[in-house]
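A.B. asks: Sharing a model that was predicted from the sequence below.
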Amino acid sequence: MADVPTVTQDLPRGVKLLLNAAHAIDHMFLLIFAAAVGVIAIDFNYAQWEDLMPFGVGAFILFGIGALPAGRLGDLWGRRQMMLVFFFGMGVTTLLAAISQSAWQLAAALTLMGAFASIYHPVGIPMLVQYSTRPGLTIGFNGLAGNLGVAVAALLTGFLVKWFDWRAAFAVPAIISFVCGGLFLLWCPVETEPPSKRTIKAKVQLPKRMLARALLVLTMAAVSGNLLYNFTTNGNGQLMIERFQGVIEDPAVLGTLLALVYAVAAVAQIVVGRLLDQFDVKPFFMAMAMVQIPLLVLVSLSSGWLLYASLLVTMMFVFGAIPFIDVMIVRYVDDRIRSRVAGMRFAVSLGLSALAVWALGPFVKSAGFDMLFLFMAFIALCTVGTVALLPSEKHVAAMSIKEESLT
């Protein structure tokens with residue numbers, strides 16, 4: 001095999017496409033179980049899908065906790081190497097899920113998948129934006145790719161379950177991951193040095209005290225945002241099955257409709273990402289979170305096509321809020337430690353929000369989807385209060401000007 005070239009500038013276009021595809025793979029693979037849980041429950045002799053849903057929580061716990069060591073290895077060992085581990089690890093563990101013979105075997109395979117899935121966010125996103133001149137827009141397109149993965153999970157799983165069985169819904173994506181990993185190995189330049197030795201500075205240089213405050217706020221906001229994301233993306237499929245009874249009951253059609261919701265909603269991330277390159281984070285983020293509150297209440301009260309319309313708009317704002325956290329890390333944190341900071345943030349936020357996957361089935365079984373979405377409206381309210389604590393960039397800029405004038 002020919003030697004792979006080394007570069008210190010922006011990544012080749014093909015590598016950027018693969019990094020975006022990796023984001024789609026990350027979210028798609030984690031949601032295959034949720035999309036097929038009803039069929040898997042029947043195969044494993046469970047009376048209700050809610051009883052099987054908690055078996056998927058291990059994937060989301062490892063998805064969060066694993067981000068801490070993954071981020072550290074990304075900075076100190078190299079992001080290219082870690083992405084190769086991601087692609088091939090996801091492929092192997094998804095195949096293991098496909099050949100599982102019991103709920104506990106499937107739970108073990110999904111948990112191991114979560115460990116490999118944890119690599120992407122603290123490694124892949126910092127790798128993608130490390131030389132970007134418009135990080136907000138780059139993250140917006142990356143978010144679009146990730147949520148198209150959510151859409152594909154609903155669409156592809158629905159059709160594979162209908163045409164074949166639930167095992168094919170895991171096996172086919174595994175092959176896709178192996179192919180992407182092979183292309184990444186061939187196309188991605190070797191890193192001349194690990195990120196920890198680089199000197200790419202953050203756009204906004206916050207004083208240490210303000211930086212600590214900003215990192216605390218973004219972690220808290222990420223927890224609430226990921227709770228909403230996990231509750232909705234893991235529960236929307238069963239929500240539509242319940243609320244569309246007597247209207248549409250074909251799983252492939254419902255999967256297509258849900259995929260359309262995610263595809264349209266994901267476009268909001270490009271718009272938000274582009275705006276974040278031009279405006280301050282704080283007021284923009286607060287506005288996005290505030291609009292989520294009445295929308296989530298509307299979903300809780302709706303059914304049929306009204307539910308579909310309200311769910312579509314709601315997911316636009318849920319997905320649209322995702323780029324804020326990654327943009328804040330790029331804006332406030334130097335590249336040499338970005339993977340570690342992102343890993344720390346993901347370990348906390350995704351680890352805690354994994355509780356949503358564990359609680360989803362029992363919560364819906366006891367209280368119903370209407371109470372679930374009212375609870376999510378309360379979470380959105382908490383996000384508003386949290387973001388209010390974020391330092392103002394205008395205030396930081398004014399402080400910097402004042403300090404320069406004094407010196």
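C.D. replies: That came through fine. Residues are numbered from 1 along each chain as shown.
A.B. asks: Residue 102 against residue 45, yeah?
C.D. replies: No: counting by CB atoms under 8 Å, residue 45 is not a contact partner of residue 102; they are 9.8 Å apart. Every C-beta, even on glycine, is put in place using the N, C-alpha and C of the backbone.
A.B. asks: quick one, which of the two is more surrounded?
C.D. replies: Counted by other CB atoms under 10 Å, residue 102 and residue 45 do not tie: residue 102 has more neighbours, with 11 against 8.
A.B. asks: now the more buried one, nearest residue through space, not along the chain?
C.D. replies: Of all residues not flanking residue 102 in the chain, residue 44 sits nearest, at 6.6 Å (CB to CB, 6 or more residues apart in numbering).
A.B. asks: so residue 320 touches residue 272, yeah?
C.D. replies: Yes: using CB under 8 Å, residue 320 is in contact with residue 272, at 4.8 Å.
A.B. asks: that older thread, show me the contacts for the residue nearest to residue 102.
C.D. replies: 52, 102, 103, 106 (CB atoms under 8 Å, 6 or more residues apart in numbering).
A.B. asks: Looking at those residues, which two lie furthest apart in space?
C.D. replies: For the contacts of residue 44, the farthest-apart pair by CB to CB is 52 and 102; their separation is 11.2 Å.
A.B. asks: Which strands and helices lie in contact with the helix or strand encompassing residue 168?
C.D. replies: Assigned by DSSP states H and E, residue 168 falls within helix 166-187. In terms of contacts (3 or more CB pairs under 8 Å, 6 or more residues apart in numbering; DSSP states H and E), helix 166-187 is packed against helix 13-43, helix 79-98, helix 135-163.
A.B. asks: What segments of the stretch 301-407 of the chain are helices?
C.D. replies: Per DSSP state H, counting those that start in this stretch, the stretch 301-407 of the chain carries helices over the ranges 304-320, 323-332, 338-353, 355-367, 369-387, 393-406.
A.B. asks: so which of those comes closest to residue 15?
C.D. replies: Shortest separation from residue 15 across the helices of the stretch 301-407 of the chain is recorded for helix 338-353, at 17.0 Å, computed as CB to CB.
A.B. asks: Averaged pLDDT, that closest one. What do you get?
C.D. replies: Averaged over helix 338-353, pLDDT sits at 78.
A.B. asks: Pull it out as CSV, backbone CA atoms only.
C.D. replies: The C-alpha atoms that make up helix 338-353 are tabulated as CSV, following Å, rounded to 0.1, in the frame of the first residue of the first chain:
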residue,chain,number,x,y,z
ARG,A,338,-10.4,20.2,22.9
SER,A,339,-10.8,16.4,22.8
ARG,A,340,-10.2,16.2,26.5
VAL,A,341,-12.6,19.0,27.4
ALA,A,342,-15.2,17.5,25.0
GLY,A,343,-14.7,14.1,26.5
MET,A,344,-15.2,15.4,30.0
ARG,A,345,-18.4,17.2,28.9
PHE,A,346,-19.7,14.1,27.1
ALA,A,347,-18.9,11.8,29.9
VAL,A,348,-21.0,13.8,32.3
SER,A,349,-23.8,14.9,30.0
LEU,A,350,-24.3,11.7,28.0
GLY,A,351,-23.7,9.5,31.1
LEU,A,352,-26.5,11.2,33.0
SER,A,353,-28.8,11.5,30.0
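A.B. asks: quick one: it to helix 79-98, angle?
C.D. replies: 30 degrees (axes from the mean of the first three to the mean of the last three CA atoms, to 10 degrees).
A.B. asks: number of nearby residues for the closest residue to residue 308 other than its chain neighbours?
C.D. replies: Distance criterion CB to CB, 6+ apart; nearest residue to residue 308, sequence neighbours excluded, is residue 257 at 6.6 Å. For residue 257, the neighbour count with other CB under 10 Å is 19.
A.B. asks: go on, residue 278?
C.D. replies: 9.
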